[in-house]
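Engineer: just coords:
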């Protein structure tokens, strides 16, 4: 079994655009929705996603910040990232993570009414890469 580092996983994650963000929702059910990392992939243990404040996942995260992100990549790579999410409403943070592709979804850019940024800080990343598998437990120090 080959052990991967956070840098190894970050390099592989850079090639994956869409993941599924899973959160606890009404009735103690799990809600999942596809999210784009918007090429914001200099991965250090934190993921960022834009959405609108009236999205159900925002209310879910405000009630219970524990989430899971799942990624499917090339050559049988699968990742399950467990972590804590928080909702950011700061335009300076929006600018730090904005890419022009987002203009197609949010016509007024960082000034789009109701825009929020979801920040997911990883606590544990499980990975499967063909026959290899393992996990990284992150201590919050981003590395």
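Structural biologist: Perfect, I can see it now. Nothing here was measured: the structure is a model prediction, and the numbers come from that model.
Engineer: regarding the protein, what is its longest strand?
Structural biologist: Of all segments of type strand in the chain, defined using DSSP state E, the longest is strand 115-129.
Engineer: secondary structure element for the residue nearest the centre of the chain?
Structural biologist: In the chain, the centroid-proximal residue (Cα atoms, centre = their mean) is residue 47; its distance is 4.0 Å. Using DSSP states H and E, residue 47 maps to strand 46-52.
Engineer: partner strands of that strand, with direction?
Structural biologist: strand 115-129 (antiparallel) (DSSP bridges).
Engineer: let me see the mean pLDDT of the next helix-or-strand element following the partner strand.
Structural biologist: Next helix or strand after strand 115-129 toward the C-terminus (DSSP H and E): strand 132-137. Taken as a whole, strand 132-137 has an average pLDDT of 91.
Engineer: then stretch 8-19?
Structural biologist: For stretch 8-19, the per-residue pLDDT averages 86.
Engineer: got the buried residues for the helix or strand containing residue 93?
Structural biologist: If you go by DSSP H and E, residue 93 is part of helix 91-97. Residues of helix 91-97 classed as buried: 94, 97 (neighbour count, 16 or more other Cβ atoms under 10 Å). Using the backbone N, CA and C atoms, a C-beta is placed for each residue, glycine as well.
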